[in-house]
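K.L.:
What follows is a predicted structure for the sequence shown.
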Amino acid sequence: MLSRVANNLYWMGRYIERAEHFARYSRVQYFSSLDAPILKTYDRNFVLESILYMAGIFDMENITEKDVLFKIGLDLQNSNSIISNITFARENARGARNAISTDLWESINKYYHLVTSYPQDTYLSTGFYDFTQLILDQTSILSSKIYGTLMHDGEWAIILIGMYIERVIQIIRIINSKLHDIYKIEQAGHSVTEMSFEWTTMLRCMEAFDMNKKFYRTIPNREQVMEFLLLNPHCPRSIAYSLNGIRRYEEKISRNESRDSNTISFKIGKLVEQFRYLSFDEYKDDIYGLLNNTQDKVIEIGSEFEKKYLSF
Amino acid sequence: MKQHLKGILDSYRQEDAHYDEVFQTSGEPKEHYRSIVETFNQFSLTDFERINNDVKTSFFNQGITFAVYAEDKKPDERIFPFDLFPRIIPSQEWMQLERGVIQRNKAINYFLDDLYHKKLILKDKIVPADLIFSSKNYLKEMVDFKPEGGIYTHISGTDLIKHTDGQYYILEDNLRCPSGVSYVLSNRVALKKSLFDLFTKLKTKTIYQYPEELLEILKSVKPKNTEVPTIVVVTPGMYNSAYFEHSFLAQKMGIPLVEGRDLFVEKNFVYMKTIFGPTRVDVIYRRVDDEFIDPLCFRKDSMLGVPGLMNAYRAGNVTLANAPGTGVADDKAVYHYVPDIIKYYLNEEPILNNVLTYHCEKESECKYVLENIDQLVVKPVDESGGYGITIGTTLTREQIEEVKVRIKSNPRKYIAQPIMSLSVHATFIEESKEFEPRHIDLRTFCLMGKDKEYILKGGLTRVALKKGNLIVNSSQGGGSKDTWVLD
Amino acid sequence: MHEFFLEYFIENKYESPVRKANFQLLVIPDSNSQQKVLDLKFFCSEDQEAHRSKNIFGFDTLNYYIGKPFTEFMFKLTAKILKEDINPFYLSPLDPATEFELIYSLDFQIDNYLFLQPTQLTRMPAETEIPFPAYAGEIQIFDYLVSLNSFIFQLLVYSPESTDVNTPIEEVLKIRRGVCQDYAHLFISVCRQNKIPARYVSGYLDQGAGFVGTGQLHAWVETLIPELGWIGFDSTNDLLADHHYIKIAHGTDFTDCSPIIGVLESAGMQKSIHSVTVTNQ
């Protein structure tokens, strides 16, 4: 496989994943705020700020609600918008056209055309829910094409490495962003039930609410949500699960290279094991520290992977 | 004007001035179109429009698109319009065409070999030496170099038209990177899916094997001492207007699609950069123009090329298809001499006619051209894609003066031909929701390898969708049709 | 027999690291009937093995592909040269009319077309008021070229830094100044206009003999005279090329003889030092 094509596949995976998380996060945040029990969350600016924070936009002066929706959804000038992410995903797929199945290519291309031709007026008036649903549905189609129409070998593994690396980064961003919201609300002093609403929103942002409920069968609270999203090895939206994914697919590429501590495989393995044998008590006092440290390590693994396999 | 059978072709208005491919002057369909016309007439307009739209959507989703670039604008992504009404070539007619095209391309290959070695045709004054030596496409890098198997034009695209006299004429030769074959194959697939019933009425020759034949041709010219060659397609990249075709061909042949930046040359061998290290490359089907293929040798500012590629090529360590320097033979000024070239090398009469051509380089012919611009098509000799062509009858007085000034400033750059009346073919026009006559031409695809040749049965029928327009290039609003050669 | 020792040195320093690069050097002296190359040595700073290959005119180039980042590229070549004694007094056995006829025959022109076509760097401007001598077949070609050599020598003032490698003849004629390659391009241009095949030659020039243009590689011209073959003229010095002239390569103009061509992936500026030493032993 050409290094440039591998590079395209890796980034295709990352952009597909990024668009999905971004769409889900903004949509959950936006809609859950409409009938939230806490006064603070009713404050539109609070919600919009939170959405923009995820999008990496910090300049929020004189910004209207429609501006925010446009910036995160259909703004081609904003390289973090959903439409930009999908454009990048499709460009990368085009560059790797020959390495992927016709089926997968056509799905991505169709996805791109659906998004780029989405009417702006509709999106800003009544279409936000429908638009984000489109993103989630199309992403599912792509996932199934990735699993079902590609040989499960090098090309496939590289797409998935991209997706899992991006997933870890996005999970951490979302948790950070929501913890930031929760901290502000906690400062104002609120009841346990009211707080559980915020923990629920966090889970929904990761599509993990149902799974969490099934696993704990209680109202969500800080301890179990943090444990679930960070450490649960069976929740596909947890950090531990995603790190496992990186390891699984990286091994397909590195083909069991030597156990030298400088290798990418070694670094990934170490991180996976760290999460495997971690308990909530060990990090409850410094969740931010753990999250940031993990994010740094994953980013480092990503760039080493790029340097080793994807540079041309 | 004549009426036809009941059905969606009812409203078809024949134009007496042009050769109609489908209908006789009586208004009846020609024998080889009869069953197709009947089938089309069974559709209601609504059904037909639905099928037409489905096909369009399918092309779009498949990404069978080309980009039109305008300054300061995002490239506009368009499908190459496809007309569902196939063009049909009877078997006898095709045999003649096929023999003619192969004859022409064989002669051109000998011609190139001669130009880069003994230059006998110049010494015998059949083709003027100055014409060749002044061409920027005549490459000194190719002098005295023999490409593997002696093949220069592995892939050539010969454009033909049918005039009012019902005869085919050669419009031009494309010997560099002729494109369009991916549309031929995609059109056939689209037509099979949407109008499968047609295929039960008439038996057409298959074309699906083209990529396999191309791969065989490329294998046949592998460098000596290579057992199993690594073959790649080189594209300028995904922003090239023909990227779809490059990726299509690579995929159908099952070989990597690479860009210049994926390749490097070390010790005169070419390698591609893979995730597990360098892999040697032996044969390159390159879709990058000569001047961009090697910045060490040609344009220093080329970002598309591979430094050192020409050295590796000249050392015989890699084969390039087509060979560099073939452009000297598809120069529109050389076109005029092709019938003589055929006689010179093959000692045969040309099977296919050339269109009468005036060279502005020759004083007497230039004079005639300047005096009769309003009746002539004027073409620059070194442009492709239909750019810079003027058609006399469509020019205003001021435009005529402008063209004259351009010709006078650089006569070598221009040739002129009588306005050939391209034949017309019933074509569905979306605006009027009717079938109307539109001008068509035909690009054939001929492959040449070591001791083997192949010609695609049919080719790309390009259709000028704008009423009265004679320029069929996709960049100028042209579309295409599936082309059937009857079995 | 004359013996020379020569050294070619180049050092390029780059502001920001070069990601990868290809270099092609055309500095190895040619081996031919008039010169022999002994003790040839060369190396580059990147510890790369050079690949030696023939260019389109059959001269040896050295090629380096450097696939990892670097900020400095240094190359050095040394060689000992044995030069035959050359008597630059040529006498053609043909009379002027026969020479003229031969030069104008189609076959001769076709066989030598490469050195008869104007190139970007050897194109004479459409109009010039300078009365270059014209060749009309009244005198022998050799005599004509000797007078042309002097004419150009007197026309231009040798002036380092006044032009660069891409300066067209039009500009040179305007400022009437130039360096060896401008003299050579102008000489070639007039020859080709008069249908005498002429080719650009790059090489080393003996530094001990008081010639102009010895600090760097030198340029002169070879012209094809029927029966005599290719003969070297150096209008920078108003001389015929003799044993002081050590040829590297020839081509249609400078672009075929560039001592070093690099294709680099880099963003920054570069500083370049090069030097040539030729000593007579």
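P.N.:
Nice, I can see it. The model shown is predicted, which means the values in this text are computed figures rather than measured ones.
K.L.:
so how far is B:Val318 from A:Gln187?
P.N.:
Distance of A:Gln187 to B:Val318, given as CB to CB, to the nearest Å: 69 Å. The way it works is simple: take the backbone N, C-alpha and C, and place the C-beta from them, glycine included.
K.L.:
Neighbour count for these two, which is higher?
P.N.:
Per other CB atoms under 10 Å in any protein chain shown, whichever of A:Gln187 and B:Val318 has more neighbours is B:Val318, with 28 against 9.
K.L.:
Now do the same contact list for the residue of chain C found nearest chain A.
P.N.:
Nearest residue of chain C to chain A, counting by CB to the nearest CB: C:Arg19, 9.2 Å away. The contact partners of C:Arg19, taken as CB atoms under 8 Å, 6 or more residues apart in numbering or on different chains, are C:69, C:265-266.
K.L.:
Report pLDDT for it.
P.N.:
With respect to pLDDT, C:Arg19 scores 89.
K.L.:
Would you check how far apart B:Tyr344 and C:Asp111 are?
P.N.:
19 Å.
K.L.:
okay, which residue is most central for chain B?
P.N.:
B:Gly157 (4.2 Å; CA atoms, centre = their mean).
K.L.:
Skipping adjacent residues, who's closest to residue 56 in space?
P.N.:
In the absence of a named chain, this looks at chain A. A:Asn80 (5.4 Å; CB to CB, 6 or more residues apart in numbering or on different chains).
K.L.:
that's the wrong chain, I wanted chain C
P.N.:
Closest to C:Ile56 by CB to CB, 6+ apart is B:Glu141, at 5.3 Å.
K.L.:
what stretches of the stretch 51-200 of chain A score poorly on pLDDT?
P.N.:
A:60 (pLDDT under 70).
K.L.:
and the residue of it nearest chain C?
P.N.:
A:Gly95 (18.8 Å).
K.L.:
distance of that residue from A:Val5?
P.N.:
From A:Gly95 to A:Val5 the distance is 7 Å (CB to CB).
K.L.:
So the two - more neighbours on which side?
P.N.:
Higher neighbour count among A:Gly95 and A:Val5: A:Val5, with 27 against 24, using other CB under 10 Å.
K.L.:
how about the more buried one, what does it touch?
P.N.:
A:95-96, A:98-99, A:155, B:256.
K.L.:
ok, now B:Pro223?
P.N.:
Here B:Pro223 is in contact with B:148, B:229, B:282-283, B:316-319 (CB under 8 Å, 6+ apart).
K.L.:
Could you check how far stretch A:148-156 is from the centre of its chain?
P.N.:
Computed by CA atoms, centre = their mean, to the nearest Å, the chain-centroid distance of stretch A:148-156 equals 22 Å.
K.L.:
Same question for it: list its buried residues.
P.N.:
A:150, A:154-156 (16 or more other CB atoms under 10 Å in any protein chain shown).
K.L.:
Equivalent analysis for stretch B:212-224, please.
P.N.:
Across stretch B:212-224, burial judged by 16+ other CB under 10 Å covers B:213-215, B:217-223.
K.L.:
returning to that earlier point: mind checking which of the contacts of A:Val5 are in strands?
P.N.:
With strands taken from DSSP state E, there is no overlap with the contacts of A:Val5.
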